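S.K.: below are the sequence and a predicted model for it; my questions follow.
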Amino acid sequence: MKDKADVVIIGAGINGCALAYELSKRGKDVVVIDKRHIAAGATGRCGAGVRQQWSTKENALLAKKSVEIFERLNDELDADIDFRQGGYLIAIHNEEDMAQAKKNVEMQKSIGLPVRIIDRDEIKEIVPILDPDGMEAIGATFCPTDGHADPFKTAYAYANAAMKLGATFYKFTEAKKFRIEDGEIKSVITNRGEIKAGVVVNAAGAWSSEIAKMAGLEIPNKPVRKEALVTEPIKRIFDAMVISFRHGIYFSQMSHGQILGGIPSPEEKVGYYTEPTFSFLQRMAYMLGKYAPVLKQINIMRQWTGFYDVTPDALPILGFDSRLKGFVHCHGFSGHGFMIAPMVAKLLAQLITGEKLDLPIDRLSVDRFKGKVVKEKSVVG
Amino acid sequence: MKIVCRCEDITEEDIVKAIRKYDCQTLDELKQVLRLGMGPCQGRTCLPIAARILARETGKSIEEIMPQTARPPVVPVAIYMVSENEG
């Protein structure tokens, strides 16, 4: 095993893999360690959606810039990540939702997103199997450039591209301790040996609080169990992701033809619980039948759990820690780490190498929790 | 050519290639890179065979490889049959 690197990244999820690529591209010597393997946590369990329709400008901009990268990622990484832009259709259920939707759409348009408010007829034009009555929808917002990518393929594509540029990945390698001298990080001690590095990135997803604690730092993240299910593959019937903030549901048809979706588990709890629940299955089946009655006859193949790494404002924590020199935060994605990873990785690589940043990320620093927080409202699952 | 996963059309050769290319140590990794066991049979046919191939290639025992998280339902079940407030 290598005993030193410029940067050690803890966590081989989408953000760790993408950051390894962006740093390697800039000539840094990078080591990625993971206690399991690539995409073993939230990345490999996520809903695969790529959405730009957010209520906070920080998230909307990160997502929009990420879509611009997703659009050319096949060429850049020399791989097929299965990126498709079928849009996101977000249900509006009442006047209160409508007021929030109008506010969101105005902000989203101001940064150049082709988003619009649609009526009940147009909901059926875009996704013919939807029943606006069952959805209890008075309208929806729709952004045609939102879409999907394959999380496995995207994570592996980033990791392979990083390795081609010289990055090293150590699987089944767990961070156990940090060596810290005079308020500065010196090395990561793993179950397989010590790696010296001036910069250490915490990209451990749902386990980021444990990694931070190992460095003597407190962060407000909580791991929250989420559940999802997938049906048997069927003929392609729709391209958009359908979601509702009020019902918490999301579902779409994957490139293999399966319907994949989730909804908050009635027995949702904080902590590392991985048991799938029957109550989730019942809830999701009921809501899918209300949204798209024709799906009632389709077989469910599999359900599984994963974790959201949730912060108090549902925004990620990014950047250097002011208390510990060399320690970088890259976590707290609160359920949307996959879709913003391309831009997050680029910005953190710019930060670590001292380049000028394409977007400011000061407002996403860990220090923001000292004051009043402005919460991201557009969260599902 | 020996077909191992009939749902996703994966051969023994595909599995051996993937194990070597990605240094796969677990069935989860094979699932990720090949979609092995993710079809309608949910791996009931292919996973024990793939586990034996993985054991042979990595030198691990079947016991080290085989246990995986259970992902219900055991057999595919229609959405309306498990829907709450119905039936």
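M.R.: Okay, I see it.
S.K.: for the rest of this, base every contact and every neighbour count on C-alpha atoms.
M.R.: Will do.
S.K.: what is the burial count for B:Lys2?
M.R.: Residues lying near B:Lys2 (other C-alpha atoms under 10 Å in any protein chain shown) number 9.
S.K.: what of B:Asp9?
M.R.: 13.
S.K.: wait, it touches B:Lys2, no?
M.R.: No - B:Asp9 lies out of contact with B:Lys2 (C-alpha atoms under 8 Å); the separation is 10.2 Å.
S.K.: can you tell me which residues in the stretch 251-381 of chain A are near chain B?
M.R.: By the rule C-alpha under 8 Å from any C-alpha of the partner chain, the part of the stretch 251-381 of chain A lying against chain B is A:276, A:281-286, A:289, A:295-304.
S.K.: among those residues, the buried ones, what's the PyMOL command?
M.R.: Those of these that count as buried under 16 or more other C-alpha atoms under 10 Å in any protein chain shown are selected in PyMOL with:
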select buried, chain A and resi 276+281+282+283+284+285+286+289+295+296+298+299+300+301+302+303+304
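S.K.: among the residues of the stretch 251-381 of chain A next to chain B, which are in strands?
M.R.: Residues of those located in strands (DSSP state E): A:Asn299, A:Ile300, A:Met301, A:Arg302, A:Gln303, A:Trp304.
S.K.: can you pick out the most distant pair from those?
M.R.: Using C-alpha to C-alpha, those span at most 15.5 Å, a distance reached by A:Asn299 and A:Trp304.
S.K.: ok, now how distant is the closest residue to A:Ala39 other than its chain neighbours from chain B?
M.R.: In space, and not counting its chain neighbours, A:Ala39 is closest to A:Gly13: 4.6 Å by C-alpha to C-alpha, 6 or more residues apart in numbering or on different chains. Taking C-alpha to the nearest C-alpha, to the nearest Å as the measure, A:Gly13 falls 13 Å from chain B.
S.K.: can you give me the pLDDT of the closest residue to A:Gln253 other than its chain neighbours?
M.R.: Nearest residue to A:Gln253, sequence neighbours excluded (C-alpha to C-alpha, 6+ apart): A:Ile259, at 4.4 Å. What the model reports for A:Ile259 is a pLDDT of 97.
S.K.: equivalent analysis for B:Glu86, please.
M.R.: 61.
S.K.: same thing with A:Lys372?
M.R.: 68.
S.K.: from chain B, how far out is the most centrally placed residue in chain A?
M.R.: Central residue of chain A (C-alpha atoms, centre = their mean): A:Gly337, 1.8 Å from the mean position. Applying C-alpha to the nearest C-alpha, the value for A:Gly337 to chain B is 18 Å.
S.K.: helix or strand: which one has the residue nearest to A:Ile111 when sequence neighbours are not counted?
M.R.: Excluding the flanking residues, the one nearest A:Ile111 by C-alpha to C-alpha, 6+ apart is A:Leu61, at 7.3 Å. Applying DSSP states H and E as the criterion places A:Leu61 in helix A:57-71.
S.K.: show me what that helix is packed up against.
M.R.: helix A:95-110, helix A:337-353 (3 or more C-alpha pairs under 8 Å, 6 or more residues apart in numbering or on different chains; DSSP states H and E).
S.K.: show me what contacts residue 58?
M.R.: By default, I'm working from chain A. A:Glu58 makes contact with no residue under the criterion C-alpha atoms under 8 Å, 6 or more residues apart in numbering or on different chains.
S.K.: meant chain B actually
M.R.: B:Gln25.
S.K.: what about it, distance to A:Glu181?
M.R.: Distance, B:Thr58 to A:Glu181, using C-alpha to C-alpha, to the nearest Å: 40 Å.
S.K.: just A:Arg120 next, same as before
M.R.: 62 Å.
S.K.: for chain B, which residue is closest to the average position?
M.R.: Centre-most residue of chain B, counting by C-alpha atoms, centre = their mean: B:Gly37, 3.1 Å.
S.K.: got a list of what that residue touches?
M.R.: B:Cys5, B:Cys7, B:Glu8, B:Lys31, B:Gly43, B:Arg44, B:Cys46, B:Leu47.
S.K.: now, those that are in helices?
M.R.: B:Lys31, B:Cys46, B:Leu47 (DSSP state H).
S.K.: how many neighbours does the second one have?
M.R.: Going back to what we said before, that points to B:Cys46. Count around B:Cys46 with other C-alpha under 10 Å applied: 20.
S.K.: same deal with the first one?
M.R.: The criterion is other C-alpha under 10 Å. On that basis, B:Lys31 has 15 neighbouring residues.
S.K.: point out where chain B drops to low pLDDT.
M.R.: Residue ranges of chain B with pLDDT under 70: B:67-69, B:86-87.
S.K.: what segments of it are strands?
M.R.: B:3-5, B:10-11, B:77-78.
S.K.: and the stretch 201-350 of chain A, by the same measure?
M.R.: A:222-231, A:241-243, A:250-253, A:259-262, A:299-310, A:317-320, A:327-331 (DSSP state E, counting those that start in this stretch).
S.K.: can those strands go into TSV with extra columns for distance to A:Phe152?
M.R.: Converted to TSV, these look like this (distance: least, C-alpha to C-alpha, whole Å):
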stretch	distance to A:Phe152
strand A:222-231	16
strand A:241-243	19
strand A:250-253	17
strand A:259-262	15
strand A:299-310	15
strand A:317-320	23
strand A:327-331	19
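S.K.: between those, which one is closest to B:Ile65.
M.R.: strand A:299-310 (19.5 Å).
S.K.: now do the closest one and strand A:222-231, the angle between them.
M.R.: 160 degrees (axes from the mean of the first three to the mean of the last three C-alpha atoms, to 10 degrees).
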